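Participant: Could you look at this predicted model? Sequence included:
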Amino acid sequence: MQYISILRGINVSGQKKIKMADLKSLYEELGFNNVVTYIQSGNIIFSNSDGAEVDLKFQIEKAIERKYKFFVPVVIRRKYEILDVINNIPFENIDLGQNEAKVFVTFLSEKPLKPRIGELMRHVNPPEEMVICNKEIYLYCPDGYGKTKLSNVFIERKLDVVATTRNWKTIKKLYTLCT
């Protein structure tokens, strides 16, 4: 089975530094196969025939913590789940060719509770758009992700789940690297 692990908060502003070559080696030491990393923000594609998704998440988190002496939350998706994210983008009125850099997906560690979703949705300021589908949040930030209130930290506080965001280009590339 092919997986994509998306690490939360590494190599950001000089914090929690991990070289991708070292991370690749760590995954191989864990017995994972076909390990590929993509950019410095902690995107790793790998194959594994053993274990449940939750076990893989904890296994990776513990290995990183042992080696680097800090905790890094890990969100895992299967290859077909990334394809579902791509195929189900809800922004029909947005030209992705022109606005690809303004579209993001926030991956959640678990499905949030409905009352928390309602609270988060109250903070969407048009022309921003947000659609929550199961364990993903689609964001359109026409003024850029750096200017939105809807950051990982904000989303995590409102939903009480781990969140990590990737831009549309990265999501498409992660799927391409799987095939």
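Facilitator: Yep, it's here. These numbers come from a predicted model, not from an experiment.
Participant: and the end-to-end length of stretch 3-11?
Facilitator: 21 Å (Cα to Cα, to the nearest Å).
Participant: now what about it, what contacts it?
Facilitator: 15-18, 40-48, 53, 56-57, 60, 64, 72-79, 82, 107, 152, 162-164, 166, 174, 178 (Cβ atoms under 8 Å, 6 or more residues apart in numbering). All C-beta atoms are positioned from the backbone trio N, CA, C, and that covers glycine.
Participant: Recalculate using a threshold of 7 Å.
Facilitator: 16-18, 40-46, 48, 56, 60, 72-78, 82, 107, 162, 164, 166, 174, 178 (Cβ atoms under 7 Å, 6 or more residues apart in numbering).
Participant: do the same with stretch 127-138
Facilitator: 85, 88-91, 105-108, 110-111, 117, 121, 124, 139-142, 148, 150, 155.
Participant: can you check stretch 28-46 too?
Facilitator: So stretch 28-46 is contacted by 2-7, 10-11, 20, 23-24, 27, 47-48, 59, 63, 170, 173-174, 177-178 (Cβ under 7 Å, 6+ apart).
Participant: Helices - which of the residues you listed land there?
Facilitator: 20, 23-24, 27, 59, 63, 170, 173-174, 177-178 (DSSP state H).
Participant: Among these, which one has the most neighbours?
Facilitator: residue 23 (25 neighbours; other Cβ atoms under 10 Å).
Participant: any idea how far residue 176 is from residue 56?
Facilitator: 22 Å (Cβ to Cβ, to the nearest Å).
Participant: The two - which one has more neighbours?
Facilitator: residue 56 (20 against 11).
Participant: Could you list the domains of the protein?
Facilitator: 2-80, 88-169 (automatic domain parsing).
Participant: What is the end-to-end distance of the first one?
Facilitator: With Cα to Cα as the measure, domain 2-80 spans 9 Å from end to end.
Participant: what about it, distance to the chain center?
Facilitator: Averaging C-alpha positions (Cα atoms, centre = their mean, to the nearest Å) puts domain 2-80 12 Å from its chain's average.
Participant: start the count at 103, not 1, going forward
Facilitator: All right, first residue 103 from here; so that's domain 104-182.
Participant: what's the distance between residue 213 and residue 261?
Facilitator: 10 Å.
Participant: all helices in the chain, in order from the N-terminus.
Facilitator: Going by DSSP H, the chain shows helices at 122-131, 155-170, 181-189, 198-201, 216-223, 254-261, 270-280.
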